[in-house]
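Student: any chance you could fold what I've pasted below:
(2 chains)
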Amino acid sequence: MLSFISFNHILQYIDFNKVQQLFVYDPTDQLFFSTSFFLFFFFALLIFYRIFSKKKNLKIYTIIFFSLFFYYKNSGYFFLLLFASTFINFYFGSWIFKAKTHWLKKLLFISVIIIDLGLLVYFKYTNFFIQIINGVASGNIQLLNIILPIGISFYTFKAMSYVIEIFIETMEPTNSLRDFVLYMYFFPNILAGPIDRAVAFLPQIAGEMTASKDDIGRAVFLIMSGLFKKAVIADYIGLNFVDRVFQVPLRFTGVENLLASYAYTVQIYCNFSGYTDMALGIAALLGFKLMDNFNIPFLATSVADYWRRWHISLSTWLLDYLFKPLQMSFRRMRIYGSALAIFITFLLVGFWHGANWTYLVFGLFHSTYLAVSLLTQKFRKAFYDKVHLTGTKFLKAFQIFITFHLLLITAIIFRSDSLRTARDVFHQIFRYFHGVVFFQWVAGYTQVFVLIMLGYILHFIPKSVDNKIKNIITASPVYVQAFLLALMILVVVQVESAQLQPVIYFNF
Amino acid sequence: MVSERLQKIILNELKLDSFDLHDETTANQVPGWDSFNHINVILAVEKDYNIRFKGLEILKVKNIGELQKLVDSKLQ
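Tutor: Have a look, this model is predicted:
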């Protein structure tokens, strides 16, 4: 009787409307990796995963079920669009493979690419094009009420990698729709990558799908470092400094604008690589290995080198599927053909980020850097040889410094809401510098300053040190690992500045 | 089996004195064979044999053995 009363009592205190709300899509309350609701659900998922450890089929359906819920919770009914995309690419993949003649293969392939890119362009760029048409022809076409489905740029590229590899005969299609659904919906990488390739992911479903002791150690390390980079460093300096400066650059001196640009560069690194670390760690706990996306990008000695180190899953995707075919068809133009191919590729890298002139100009800068660098490569090498600089540490340091600042210019354009804002930032830096403000700034923004430095230090830590820490965590008992993770979550909750900041790359 | 002629063209184009090229050798194992030199290698092969590849044919090639096969198929 007593227990019955107290149960009733408890029921009175539970607001079922609120509980129901947790399971329904709400644009203001999404389910990101660093929310406590996500951590709770993921923990539940791990328990089921463990219970089903001997039954692989159930494990697969557990992830699929959770992934569907995860995507629905973040995008609402757009999960139906992803359904469509999944079915279309799955069946086209198998038709392309089975087609008897080359022209039929080609026809099917071109059709599916048009569908994939058509959906992407419709949702992402329609209003941008309407604005351009209105601007050029002084027309008055109404803008459409289009909402960007979250993650569309990422899952479209994932799907395309599947049909492209089948078309160029570097992989065979899977017979299992279930496996392909898992590939497309896999929640760790659905919202902001890494853009894993079907050719590397599908075989993992055929494998064990269990996390080894090493995987668990690696996962704990990745989730901890990811949470710290994203929720502590990136969000804090973003909210408390970068956002303010970039909102009205003219209100700040040049030195503050320059500092905000340095801060933003490390903010976006910590935001995106932190998110990716969490994605890799979460996937590792489920026994999956996702593609690495970052490799100390600001240590790059050239812009080309930078793209081998930053957002690797996107840059290798474009290099393999766009740059190489273009380069091959322009091959009679020799080096100029390569330069043209690289120019087109990176212009599209800019545009991939979104329908805004700032992203196009960002792409244009990168295209120009890369094309010019390619065309002057011989000349520069001859020059360095002549002045005996080739292979020296001085040259390397010089190249890293120059490359970093070339990237800083593009980061300013990338962060600005409009080209006008970017122009204001450059104006302040070059015309209104006021270097002495630096000391006041450090005194006033000590925490931000410390976190910026910490962000850069974390970024420059060599992989060997990372691996040592990983090994220590792997070797420690489970309860120590759990304690470390709980401690990090506690730190994050303490620091969590006002509101949760979404990952910058969700919008792309 | 990689023919001597093909080996010579590749090594010549990459300015290598000697390098053991097998069927399974891939471009990234050969010093200097990056994506830009790749074009030069392909052009040199086309010129020397007086053949022409289609873009897709070259994209499918995964190693030197497959390149040899592609060349052979063009010569037949």
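Student: buried sites along stretch A:289-304?
Tutor: A:290-291, A:293-294, A:296-304 (16 or more other Cβ atoms under 10 Å in any protein chain shown). Bear in mind the C-beta positions are built from the backbone N, C-alpha and C, glycine included.
Student: got a markdown table for those residues, with distance to chain B, secondary structure and pLDDT too?
Tutor: Below are those laid out as a markdown table (distance: Cβ to the nearest Cβ, whole Å; DSSP: H, G, I helix; E, B strand; the rest coil; pLDDT from 0 to 100):
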| residue | distance to chain B | secondary structure | pLDDT |
| --- | --- | --- | --- |
| A:290 | 22 | coil | 95 |
| A:291 | 17 | coil | 94 |
| A:293 | 20 | coil | 94 |
| A:294 | 21 | coil | 95 |
| A:296 | 21 | coil | 95 |
| A:297 | 20 | helix | 97 |
| A:298 | 23 | helix | 97 |
| A:299 | 20 | helix | 96 |
| A:300 | 16 | coil | 96 |
| A:301 | 15 | coil | 95 |
| A:302 | 13 | coil | 95 |
| A:303 | 15 | helix | 95 |
| A:304 | 10 | helix | 92 |
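Student: out of those, which is nearest to residue A:426?
Tutor: residue A:303 (19.1 Å; Cβ to Cβ).
Student: the nearest residue to the closest one once chain neighbours are set aside is in what secondary structure piece?
Tutor: Sequence neighbours aside, residue A:369 is the residue nearest to residue A:303 in space, at 4.3 Å (criterion: Cβ to Cβ, 6 or more residues apart in numbering or on different chains). Here residue A:369, judged by DSSP states H and E, is contained in helix A:357-375.
Student: put the alpha carbons of that helix into PDB.
Tutor: Only the C-alpha atoms of helix A:357-375 are listed here, as PDB (Å, rounded to 0.1, in the frame of the first residue of the first chain):
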ATOM      1  CA  TRP A 357      29.000  35.600 -51.300                       C
ATOM      2  CA  THR A 358      31.500  35.300 -48.400                       C
ATOM      3  CA  TYR A 359      31.800  31.500 -49.000                       C
ATOM      4  CA  LEU A 360      32.300  32.100 -52.700                       C
ATOM      5  CA  VAL A 361      35.000  34.600 -52.100                       C
ATOM      6  CA  PHE A 362      36.500  32.300 -49.600                       C
ATOM      7  CA  GLY A 363      36.700  29.600 -52.300                       C
ATOM      8  CA  LEU A 364      38.000  32.100 -54.800                       C
ATOM      9  CA  PHE A 365      40.900  32.900 -52.500                       C
ATOM     10  CA  HIS A 366      41.800  29.300 -51.900                       C
ATOM     11  CA  SER A 367      41.500  28.600 -55.700                       C
ATOM     12  CA  THR A 368      43.800  31.400 -56.400                       C
ATOM     13  CA  TYR A 369      46.300  30.500 -53.700                       C
ATOM     14  CA  LEU A 370      46.500  26.900 -55.000                       C
ATOM     15  CA  ALA A 371      46.600  27.700 -58.700                       C
ATOM     16  CA  VAL A 372      49.300  30.400 -58.200                       C
ATOM     17  CA  SER A 373      51.300  28.100 -55.900                       C
ATOM     18  CA  LEU A 374      51.200  25.400 -58.500                       C
ATOM     19  CA  LEU A 375      52.300  27.600 -61.400                       C
END
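Student: what packs against it?
Tutor: helix A:303-307, helix A:334-352, helix A:393-415, helix A:419-431 (3 or more Cβ pairs under 8 Å, 6 or more residues apart in numbering or on different chains; DSSP states H and E).
Student: can we see that at 10 Å?
Tutor: helix A:102-136, helix A:303-307, helix A:334-352, helix A:393-415, helix A:419-431 (3 or more Cβ pairs under 10 Å, 6 or more residues apart in numbering or on different chains; DSSP states H and E).
Student: contact partners for the residue nearest to residue A:154 when sequence neighbours are not counted?
Tutor: Spatial nearest neighbour of residue A:154, chain neighbours left out: residue A:193 (5.0 Å); criterion: Cβ to Cβ, 6+ apart. Neighbouring residues of residue A:193 by Cβ atoms under 10 Å, 6 or more residues apart in numbering or on different chains: A:151, A:153-155, A:157-158, A:272, A:275-276, A:279, A:290-291, A:293, A:311-314, A:317, A:503, A:505, A:508.
Student: out of these, list just those in helices.
Tutor: Counting by DSSP state H, the members of the contacts of residue A:193 that fall within helices are A:153-155, A:157-158, A:272, A:275-276, A:279, A:312-314, A:317.
Student: ok, back up a step: so how far is the helix holding residue A:369 off the chain centroid?
Tutor: Counting by Cα atoms, centre = their mean, to the nearest Å, helix A:357-375 is centred 20 Å from the centre of its parent chain.
Student: mean confidence score for it?
Tutor: Taken as a whole, helix A:357-375 has an average pLDDT of 95.
Student: now do the helices in the stretch 1-150 of chain A.
Tutor: A:2-13, A:16-22, A:36-51, A:56-75, A:79-98, A:102-136 (DSSP state H, counting those that start in this stretch).
Student: who are the packing partners of the second one?
Tutor: With contacts taken as 3+ Cβ pairs under 10 Å, 6+ apart, helix A:16-22 sits against helix A:36-51.
Student: residue ranges with poor pLDDT in chain B?
Tutor: Of all residues in chain B, none has pLDDT under 70.
Student: top helix in it by residue count?
Tutor: Chain B, longest helix under DSSP H: helix B:35-49.
Student: contacts for stretch A:295-302 next, please.
Tutor: A:265-266, A:269, A:273, A:305-312, A:369-370, A:373-374, A:377, A:380, A:395-404, A:406-408, A:456, A:459-463, A:466.
Student: narrow those residues to those that are buried.
Tutor: A:265-266, A:269, A:273, A:305-307, A:309-312, A:369-370, A:373-374, A:399-400, A:403-404, A:406-407, A:456, A:459, A:466.
Student: return the residues of the stretch 51-200 of chain A in contact with chain B.
Tutor: A:102, A:106, A:164, A:167, A:168, A:169, A:170 (Cβ under 10 Å from any Cβ of the partner chain).
Student: who's in contact with the fifth one?
Tutor: Applying Cβ under 10 Å, 6+ apart, one finds that residue A:168 lies in contact with A:109, A:320, A:321, A:325, B:56, B:57, B:59, B:60.
Student: residue 67: neighbour count?
Tutor: I went with chain A, as the question did not name one. 21 (other Cβ atoms under 10 Å in any protein chain shown).
Student: you looked at the wrong chain, it should be chain B
Tutor: Neighbours of residue B:67 (other Cβ under 10 Å): 24.
Student: and the pLDDT for the residue most central in space within chain A?
Tutor: Centroid-nearest residue in chain A: residue A:192, 4.3 Å away (criterion: Cα atoms, centre = their mean). Per-residue pLDDT puts residue A:192 at 89.
Student: list phi and psi for it.
Tutor: Phi and psi for residue A:192, reported as degrees, to the nearest 10, are phi -150, psi 30.
Student: separation between it and residue A:366?
Tutor: As judged by Cβ to Cβ, to the nearest Å, residue A:192 and residue A:366 stand 20 Å apart.
Student: kindly report the same for residue A:296.
Tutor: For residue A:296, the distance to residue A:366 - Cβ to Cβ - is 19 Å.
Student: what about the residue lying closest to residue B:31 once chain neighbours are set aside, which SS state?
Tutor: Spatially, and ignoring its direct neighbours in sequence, residue B:31 is nearest to residue B:16 (6.7 Å; Cβ to Cβ, 6+ apart). Following DSSP: H, G, I helix; E, B strand; the rest coil, we place residue B:16 in the coil state.
Student: ok, how many other residues are close to residue B:16?
Tutor: 14.
Student: sorry, back to before: output the buried residues of stretch A:289-304 as a markdown table; include the columns distance to residue A:470.
Tutor: Putting the buried residues of stretch A:289-304 into a markdown table (distance: Cβ to Cβ, whole Å) gives the following:
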| residue | distance to residue A:470 |
| --- | --- |
| A:290 | 16 |
| A:291 | 18 |
| A:293 | 17 |
| A:294 | 16 |
| A:296 | 16 |
| A:297 | 20 |
| A:298 | 22 |
| A:299 | 20 |
| A:300 | 24 |
| A:301 | 27 |
| A:302 | 29 |
| A:303 | 30 |
| A:304 | 29 |
